[in-house]
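>>> give the three-dimensional model of this entry:
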Amino acid sequence: MGQEHLPSVELDFVKHAEDEYHSIYQTGTTEEVDAARFRLVWALVHSTSRSHHARGLELCRAKLREQTKDKEYRYFAAVASYNMGQYIESRRELATLLQEHPGFRQAEFLRGLVEDAIVKEGLVGVGAGVALAGVVALAAIFLGGGKKR
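Numbers count the residues shown, from 1 in each chain. Next up, the predicted model:
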């Protein structure tokens with residue numbers, strides 16, 4: 001099926017994107033600033049740091065308040081949410097995105113990862129629930145078995 005994960009970048013890559021953005025923000029044209037912001041957000045949401053994911057998501061939300069139908073920033077918001085373990089939020093972003101842009105392959109791939117994560121998280125939750133029920137049942141047997149009738 002191919003690659004089963006999203007690309008990730010190290011902290012030095014994010015630092016480079018931040019430095020580039022701050023430099024261009026001071027002297028660049030609107031188009032240059034927008035392009036540098038795009039690269040920075042891409043780096044943030046694909047970073048290995050959870051705090052970067054949160055910052056990237058915040059920047060995505062700000063952009064989406066200006067342009068609600070921005071395909072790339074909506075995708076980045078879904079990536080950030082996924083990387084933060086907010087699978088339901090990521091799925092919501094992807095549903096909106098794929099409704100507006102059907103056939104967007106990256107979004108379809110991410111949707112598959114999100115659905116797998118939701119199932120896995122659900123199974124872990126079910127497993128924890130079963131284990132807890134087993135502990136309670138054993139405790140009841142041992143505690144109840146010691147009493148005389």
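
>>> quick check, central residue of this structure?
With distances taken as C-alpha atoms, centre = their mean, Tyr82 lies nearest the centre of the chain, 1.8 Å away.

>>> distance of the residue lying closest to it once chain neighbours are set aside from Glu31?
Of all residues not flanking Tyr82 in the chain, Ser90 sits nearest, at 4.2 Å (C-beta to C-beta, 6 or more residues apart in numbering). C-beta coordinates here come from the backbone N, C-alpha and C atoms, glycine included. Taking C-beta to C-beta, to the nearest Å as the measure, Ser90 falls 29 Å from Glu31.

>>> neighbour-wise, which of these two wins?
The residue with more neighbours, out of Ser90 and Glu31, is Ser90; 24 against 8, by other C-beta atoms under 10 Å.

>>> tell me the pLDDT of the more buried one.
pLDDT for Ser90: 98.

>>> quick one: contacts for it?
If you count contacts by C-beta atoms under 8 Å, 6 or more residues apart in numbering, Ser90 has them with 78-79, 81-82, 110, 114.

>>> distance check, it against Ala80.
Applying C-beta to C-beta to Ser90 and Ala80 gives a distance of 8 Å.

>>> nothing else from me, thank you.
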